[in-house]
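Enquirer: Structural data only, the sequence is not supplied:
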């Protein structure tokens, strides 16, 4: 029998303890994917609710909450959706020649409050008219002037009035659409910014592009740097970045330039005639300048759009079923291929359902509902079984983004350690930029330092993807949920990593 003194025994225990930490087993956790359709913030099918300044009807919080938590059909849609996005188009019909009233600004602020209470976000646009009128004019669609939008001076004054509210309520603005110019705010039929239709010059002159750029710059300045503006056509961004003579072959934003909060990195697109014709009713068209004429540019502008759309929010609506079967599901159509290549995050659920309902009857709607925007699936995680207080803990997780796009607004990625007995939580901000979690595989690795004062014990590991704004960061309805079985905590907005780590001292 071997006799060991107490000091020697203590030394051996210390050595064993050190060895446990240094060679702690790395545990591999495999996750099961879920095909469930569920709400996630800032993506999916949106519900449109227009408001007219002349007859203002405020938002209904109870209805918006139901639309978020219940899968429902809207309008003549044959398919049901959850909706975390509400499109709010404000028609400034009584203010085309005067400042916005304090009563309207208060009503707008109240709408923002309702949106926040309901747990959703807003796609926002302002326009002066949504009505057309016919007459004896040259336009082939017989949409005739005067169109009814405001002058540049009036618009710039309105944007200055709106700026404090946009800054105050940026937390619930998913994205601002440029709007303002033309009928519907779609930048085409306009009295003051260059009429590219046959009613006017048939193209957009240099001074008109300069005025449009001035308005877009004012909108970018009215928002915080972490919010983006969508423009109606890709050429609007090209002319802003490179000037009125910019060619349709102008270069797209590259990844090093993306997400740096510059004006250029904050402009993306909405297409309100998705797959309605070969060029989506003029979306992919060259509207010329003072020295060049209007001409088709479908292929080159589509390629530009595809490259640009990787780095910002893309959304819109269908507007006509005349392009069937091209706008149908595969194999006859290429609707999903188009959404994927152009990185669509959201679409209108109420218009035009002559198109959308075909996606339902032809069998691709369920995949579209799951795929708009991001859809993160945990595949496999590798975690330590034991970690010592004061030491680093290394984790690695393989994630698959099966969605068409990555998140377009900044968002925290937080590792959470929760004590199994006391339930006390420790939060570790990760360095990754979730906006770069593009479609496909994501290899997420992180090293976090365990606090020296942490109580020894067993801790469950969780991943939280909360909103970046403090007003929303503790609200689970604004947190991102992974598409896996048995991982989502509805009351916290955390995703369980299904692993227990033992912390020793």
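Expert: Cool, got the structure. Here the structure is a predicted model, which is why all the values come from computation and not from measurement.
Enquirer: Could you list the low-pLDDT ranges of the stretch 301-450 of the chain?
Expert: Scanning the stretch 301-450 of the chain for pLDDT under 70 picks out nothing.
Enquirer: Could you do the chain as well?
Expert: Residues of the chain that meet the criterion pLDDT under 70 lie in 1-24.
Enquirer: And it, split by domain according to the record?
Expert: Domains of the chain are assigned by automatic domain parsing as 6-30+376-504, 44-371.
Enquirer: Could you point out which of these sits nearest residue 37?
Expert: domain 44-371 (5.1 Å; CB to CB). C-beta: built from backbone N, CA, C; applies to glycine.
Enquirer: end to end, how far does the closest one reach?
Expert: Separation of the first and last residues of domain 44-371 by CA to CA, to the nearest Å is 8 Å.
Enquirer: can you give me the strands in the stretch 251-400 of the chain?
Expert: Remark: strands assigned in the stretch 251-400 of the chain by DSSP state E, counting those that start in this stretch are 267-271, 285-286, 295-296, 314-316, 346-348, 376-384, 386-388, 392-401.
Enquirer: Highest mean neighbour count out of those strands?
Expert: For the strands of the stretch 251-400 of the chain, the largest average neighbour count (mean count of other CB atoms under 10 Å) is found in strand 314-316, namely a mean of 27.
Enquirer: on contacts alone, who are the packing partners of that one?
Expert: Of the remaining helices and strands, those touching strand 314-316 by 3 or more CB pairs under 8 Å, 6 or more residues apart in numbering; DSSP states H and E are strand 267-271, strand 346-348.
Enquirer: between these, which gets nearest to residue 400?
Expert: strand 346-348 (21.0 Å).
Enquirer: possible to save the helices and strands packed on strand 314-316 as a markdown table with distance to residue 366?
Expert: Listed next are these as a markdown table, based on distance: least, CB to CB, whole Å:
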| stretch | distance to residue 366 |
| --- | --- |
| strand 267-271 | 22 |
| strand 346-348 | 14 |
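Enquirer: right, and the ones you listed - which one's nearest residue 184?
Expert: Here strand 267-271 is closest among the helices and strands packed on strand 314-316 (CB to CB), at 11.4 Å.
Enquirer: wait, which of the strands of the stretch 251-400 of the chain is closest to residue 219?
Expert: strand 267-271 (9.7 Å).
Enquirer: partners of the closest one in the sheet?
Expert: The pairing partners recorded for strand 267-271 under DSSP bridges are strand 229-231 (parallel), strand 314-316 (parallel).
Enquirer: With distance to residue 497 added, can I get those in CSV?
Expert: Converted to CSV, these look like this (distance: least, CB to CB, whole Å):
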stretch, distance to residue 497
strand 229-231, 35
strand 314-316, 31
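Enquirer: ok so, going back, and the helices and strands packed on strand 314-316: which comes nearest residue 318?
Expert: With CB to CB as the measure, strand 346-348 is the member of the helices and strands packed on strand 314-316 nearest residue 318 (7.4 Å).
Enquirer: Okay, now the sheet partners of the closest one, with direction.
Expert: Counting by DSSP bridges, strand 346-348 is paired with strand 44-52 (parallel), strand 314-316 (parallel).
Enquirer: where do the helices sit along the stretch 351-500 of the chain?
Expert: Along the stretch 351-500 of the chain, counting by DSSP state H, counting those that start in this stretch, helices occupy 353-361, 365-371.
Enquirer: can you tell me which of those comes nearest to residue 422?
Expert: For these, the distance to residue 422 is smallest for helix 365-371, at 37.8 Å, taking CB to CB.
Enquirer: same for that closest one, what does it pack against?
Expert: For helix 365-371, the packing partners by 3+ CB pairs under 8 Å, 6+ apart are helix 335-341, helix 353-361.
Enquirer: Same question for the longest one: list its buried residues.
Expert: The one in question is helix 353-361. 353, 355-360 (16 or more other CB atoms under 10 Å).
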